[in-house]
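# Fold the following, please.
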Amino acid sequence: MKNSFHEEKVEESLSQPPSFSVSNRVFASFLSEDDQPEALVAANGQEMGPNNITVTNQHNINNNPTLANGDGYSKQFRSWIQSRMQNLNPVRMVLAEMLGTFILMFSVCGIVATTQMTGGGEVGLLEYAVTAGLSIIVIIFSVGPISGAHVNPSITFAFALLGDFPWVRVPFYIVAQIVGSIVAAFVGKSVYGIQAHQVITRPQLHGRKKAFWVEFFTTFIVMFLSASMSRKAHKVGQISGLVIGVAISLAVLISGPISGGSLNPARSIGPAIVAWKFEHLWLYVVAPTAGAAGAVLLFLLLKIRCTAVTHPLPPKQCQNDSAIIDRQAI
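Got it, this is the predicted structure:
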């Protein structure tokens, strides 16, 4: 009687449908004991095997299975997967920055090369500015959700100074941006036959002093805009990429005839390394970085922190980040 009763209970338990999805069960069957997530632990503390049979740590099979709650299992399983994926986030962010800078530099090489290949001579200022702006828009909408789409060592440094980016990641971002620029210069040379010295930024006819200050103030403007839009009071949502792209085009238009319109150390470092010409490189590293840092300092001095959605507002309503103003009250 005892054996008969036991067999009936086993058959009854095994005839019941599994309480978790087939995909989760198949995934669990490929996990070793050390890799099994906490999601495979049932409510009574026992581990669930792939066929809904309780498995002990000693690998002994217990023929009295316990069914876990399906919803709870799925939640814990997804939580475990997400925790594992989060470990890859820093790597994904660095690779995204490298890719974004590559896109920017390849576009610059492309517009210069195609203009020359079609008999147009030197690329026009308007063409160059539009290409730079459109490239930034593409980068923001593609890799922006992953890394923030800095693609500029000066911007990365400035956001860290602002407190919106961790300092520990700054070196990795900068290295990735420079590597992306170097690779793009090599690829542009291979694809278009363009030489790196043709896309090097250098002071035009007005000397290094004017070029320095133009690079300083144009980067200052772009960074101040970026910092302002990063605050809750100035978020513009989906069109932020368009706003930054237009700002970049404007900055290149007003700086191109004097400095070449770099605004980005990575944009200048990559071709300089490939061509091995560093005569004016310091200018395109120091000026944009100083301009971006100056924009952050002024931004912090003005304390633009109001969380309201429209301006102007009474001064008392714009005190700090924690002041939340009802949209209907404005």
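# Quick one: the strands in this structure, in order.
Here the chain has its strands, by DSSP state E, at 47-48, 54-55, 61-62.
# Report the rounded mean pLDDT for the first one.
Here strand 47-48 scores 44 as its mean pLDDT.
# let's have the chain start at 545 instead
Noted, 545 is the first residue going forward, which turns the last one into strand 591-592.
# Now do the phi/psi pair for residue 806.
phi -90, psi -60 (degrees, to the nearest 10).
# Revised request: answer the last question for residue 808.
According to degrees, to the nearest 10, residue 808 has phi -160, psi 110.
# What count of nearby residues applies to it?
When neighbours are defined as other C-beta atoms under 10 Å, residue 808 has 29 of them. (Each C-beta comes from the backbone N, C-alpha and C, glycine too.)
# do you know how far it is from residue 775?
As judged by C-beta to C-beta, to the nearest Å, residue 808 and residue 775 stand 23 Å apart.
# now swap in residue 735 and tell me
41 Å.
# Which one's more surrounded, those two?
Comparing residue 735 with residue 775 by other C-beta under 10 Å, the one with more neighbours is residue 775, at 16 against 12.
# Show the average pLDDT along stretch 660-680.
84.
# Looking only at that stretch, what residues are buried by neighbour count?
660, 667, 672, 673, 674, 675, 676, 677, 679, 680 (16 or more other C-beta atoms under 10 Å).
# pretty sure the third one is in contact with residue 653, am I right?
So that's residue 672. No - using C-beta atoms under 8 Å as the test, residue 672 is too far from residue 653 to be in contact (11.5 Å).
# quick one: low-confidence parts of the stretch 745-874 of the chain?
776-781, 848-874 (pLDDT under 70).
# how does it look with 90?
745-752, 771-785, 800-801, 803-805, 818-819, 821-824, 845-874 (pLDDT under 90).
# ok, back up a step: out of the buried residues of stretch 660-680, who's nearest residue 634?
Nearest to residue 634 among these is residue 680, at 23.4 Å by C-beta to C-beta.
# show me what contacts the closest one?
Contact analysis of residue 680 by C-beta atoms under 8 Å, 6 or more residues apart in numbering lists 648, 693, 695, 785, 788, 789, 792.
# go on, residue 696?
So residue 696 contacts 721, 807, 808, 809, 810, 811, 832 (C-beta under 8 Å, 6+ apart).
# What of residue 683?
644, 647, 648, 693, 695.
# So which of the residues you listed are in helices?
Among the contacts of residue 683, DSSP state H puts 644, 647, 648 in helices.
# Buried only: go through these for me.
644, 647, 648.
# pLDDT and distance to residue 745 added to the residues you listed, as JSON lines?
Compiled in JSON lines, these are given as follows (pLDDT from 0 to 100; distance: C-beta to C-beta, whole Å):
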{"residue": "644", "pLDDT": "95", "distance to residue 745": "19"}
{"residue": "647", "pLDDT": "95", "distance to residue 745": "18"}
{"residue": "648", "pLDDT": "94", "distance to residue 745": "13"}
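# what's the closest of those residues to residue 763?
residue 648 (14.9 Å).
# surely residue 805 meets residue 676?
Yes - taking contacts as C-beta under 8 Å, residue 805 lies within contact range of residue 676: 7.2 Å.
# For the two, list the residues in contact with both.
By C-beta under 8 Å, 6+ apart, the residues touching both residue 805 and residue 676 are residue 796.
# Give me the neighbour count for residue 769.
20.
# Now it: closest residue in space, sequence neighbours ignored.
residue 791 (5.4 Å; C-beta to C-beta, 6 or more residues apart in numbering).
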